[in-house]
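# Just a sequence and a predicted model for now, questions to come.
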Amino acid sequence: MRHTFFCIDGHTAGNPVRLVAGGAPPLRGATMSERRQDFLARFDWIRTGLCFEPRGHDMMSGGFLYPPTLPDADVGILFIETSGCLPMCGHGTIGIITFGIEHGLIHPAEHGRVRAEVPAGLVDIRYEQKGDRVTSVRITNIPSYVAARGIDVDVEGIGPLTVDVSYGGNFYAIVEPQGAYAGLDALGAARLLDLSPKVRAAVREKVTPVHPLDPTIQGVSHVLWTDVPKGEGAHGRNAVFYGDRAIDRSPCGTGTSARIAHLHGTGRLSVGERFVHESYIGSRFTGRIEQEMMLGEQPAIIPSIEGAAIATGLNTIWIDQEDLFWRGFQV
Ligand code: PYC
C-alpha cells in the first residue's frame, strides 16, 4: 500500500521544516495535546517515514495542520521530528506559518495574526508579508520557566558540569561555559554530538521535570550549550542538541525561550529586554521577555521569538509498504 504526502519543504534560519500539506491522518482527541498522544500511538510510522532516512535525515522536522480544538485559535499544529512529536517547536512554527500563509493553507481571522493551537498550548503569532512572501514571524510563546537549578553531573569525556533545566515548550538542560567546557568552537560539532546524549542521560538520572498543567510534557529532551556571541549586535550563541544526532541549525525557538526564562530566572534579563540569539551556524532569532506571570504555583515568563523562513520546494513523498524502509531508519 502506498501513502502519499504532499509537502512544502524549506528551512527556518537553516533548520529544515517539512510542512505536510496533504496526507495528515485523522486524529482522535479533544485537544492538540491529546491528538499528539493519539498520533504517537497509531501513526508514528508517518513521522519516522517522513523524518528518518531515506526520506529525511538527522535534523528533519516539520508538522501537520489540523482544525483547532480551541474556539479562539485559527489553526492547530502537530509537530514531527526525529525524536518524536514535540509539544512545541519554534523554528517549526515559523516555517509552518510562513509556508501555510504563502500557500493559502491557513486562513487567519485577522490579517497579519495567527493564533495557533500547539500541543503545549496556544501561541499568538504576528507575521509580516511583502507581496506573496512572509518576511518575518514573531511568536508569543507559551509560559516558560526555570524548572531546576544546580544539577551536578559527571560526564565521561568532559568531566564535572553543573547545569540548570529550563522549559520553553520542551525541557532543556542548559550548559554554560565552565570547567572543561570552554565554548562551542573549542568543543566542535563532533564532540557536541558525542557529549550531548551523555549530558542528557546524566541529567535525566537526577531530575524529571513535569509540566505543571500538562503531565504528558515531561523529561529533559534537549541540551542547550551556551556561548558568547560571535556577530555584532547578538547577545548570546547556542548549540541545541535534539533527537539522537542533531544540532539545530537555527537558534531554536523553544531553546531561545528556555534560555530567556533562564536568564530572567537568574537575574540577567528583564521584562522588555531583547535577546538576539545566534545559532551554531550564525543565523539569528530575536527574543524578548513580554511579561512575567504565574503558571499555577510556578513563576514564569512569556517570551517572544522572531525569525524568518523560506520554502525550498514542493515535495510529493510516497511511503510504500512494499519498501523495506517504509518506516525509515537511523544508523
Ligand atoms: O525551534 O523549538 C525549536 C526546535 C526544537 C527542536 C529543534 N528546533
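Looks like it arrived, so ask away.

# where's Ala30 relative to Pro68, distance?
Using CB to CB, to the nearest Å, we find Ala30 at a distance of 12 Å from Pro68. Backbone N, C-alpha and C define where each C-beta goes, glycine included.

# what about these two, which has more around it?
Pro68 (19 against 8; other CB atoms under 10 Å).

# Next up, the contacts around that one.
Met32, Asp74, Val75, Gly76, Ala116, Glu117 (CB atoms under 8 Å, 6 or more residues apart in numbering).

# The second one: neighbouring residues, count only.
Using other CB under 10 Å, Asp74 has 20 neighbouring residues.

# That one contacts His107, correct?
Yes: counting by CB atoms under 8 Å, Asp74 does reach His107; the two are 7.1 Å apart.

# packing partners for the helix or strand where Gln37 lies?
According to DSSP states H and E, Gln37 maps onto helix 32-42. With contacts defined as 3 or more CB pairs under 8 Å, 6 or more residues apart in numbering; DSSP states H and E, helix 32-42 has these neighbours: strand 75-81.

# which helices and strands does the strand it packs on pack with?
Against strand 75-81 (3+ CB pairs under 8 Å, 6+ apart) you get helix 32-42, helix 44-51, strand 61-66, helix 90-102, strand 113-118.

# Report the buried residues of the longest one.
For helix 90-102, burial by neighbour count (16 or more other CB atoms under 10 Å) applies to 90-102.

# from those, which are also near the ligand?
Among the buried residues of helix 90-102, the ones lying near the ligand by CB under 6 Å from any ligand atom are Gly90, His91.

# Just give me the closest of the buried residues of helix 90-102 to Ser144.
The closest of the buried residues of helix 90-102 to Ser144 turns out to be Gly90 (CB to CB; 10.8 Å).

# Return the residues in contact with that closest one.
139, 141, 168-169, 250, 252-257, 285, 305, 307.

# which ones among the residues you listed come in contact with the ligand?
Ser250, Cys252, Gly253, Thr254, Gly255.

# quick one: the helix or strand harbouring Thr312 to helix 44-51, angle?
Following DSSP H and E, one finds Thr312 within strand 309-320. Interaxial angle of strand 309-320 relative to helix 44-51 (axes from the mean of the first three to the mean of the last three CA atoms, to 10 degrees): 120 degrees.

# Which strands and helices lie in contact with strand 309-320?
Here strand 309-320 touches strand 2-12, helix 44-51, helix 90-102, going by 3+ CB pairs under 8 Å, 6+ apart.

# closest one to Val331 among those?
Using CB to CB, the helices and strands packed on strand 309-320 put helix 44-51 closest to Val331, at 13.6 Å.

# The helices and strands packed on strand 75-81: which one's closest to Tyr280?
Going by CB to CB, the one of the helices and strands packed on strand 75-81 nearest Tyr280 is helix 90-102, 12.8 Å.

# Show me the contacts of Gly90 that map onto strands.
Ile139, Phe285, Ile305, Gly307 (DSSP state E).

# Would you mind giving the secondary structure of Leu195?
Three-state assignment for Leu195 (DSSP: H, G, I helix; E, B strand; the rest coil): helix.

# Leu161 now?
Leu161 - assigned by three-state DSSP - is strand.

# how about the nearest residue to it, chain neighbours excluded?
The spatial neighbour of Leu161 that comes closest, neighbours along the chain excluded (CB to CB, 6 or more residues apart in numbering), is Val153 at 5.5 Å.

# same thing with Asp58?
In space, Asp58 is closest to Arg245, 4.2 Å off (CB to CB, 6+ apart).

# which residues does that neighbour contact?
Asp58, Thr82, Leu193, Gln330.

# ok, now which ones touch the spatially closest residue to Ser144 that is not a sequence neighbour?
Leaving aside its sequence neighbours, Ser144 sits nearest to Ala261 (CB to CB, 6+ apart; 3.9 Å). Ala261 is in contact with Ser144, Tyr145, Val146, Ser166, Tyr167, Gly168, Ala300, Ile301, Pro303, counting by CB under 8 Å, 6+ apart.

# Just the buried ones from these?
Ser144, Tyr145, Val146, Ser166, Tyr167, Gly168, Ala300, Ile301, Pro303.
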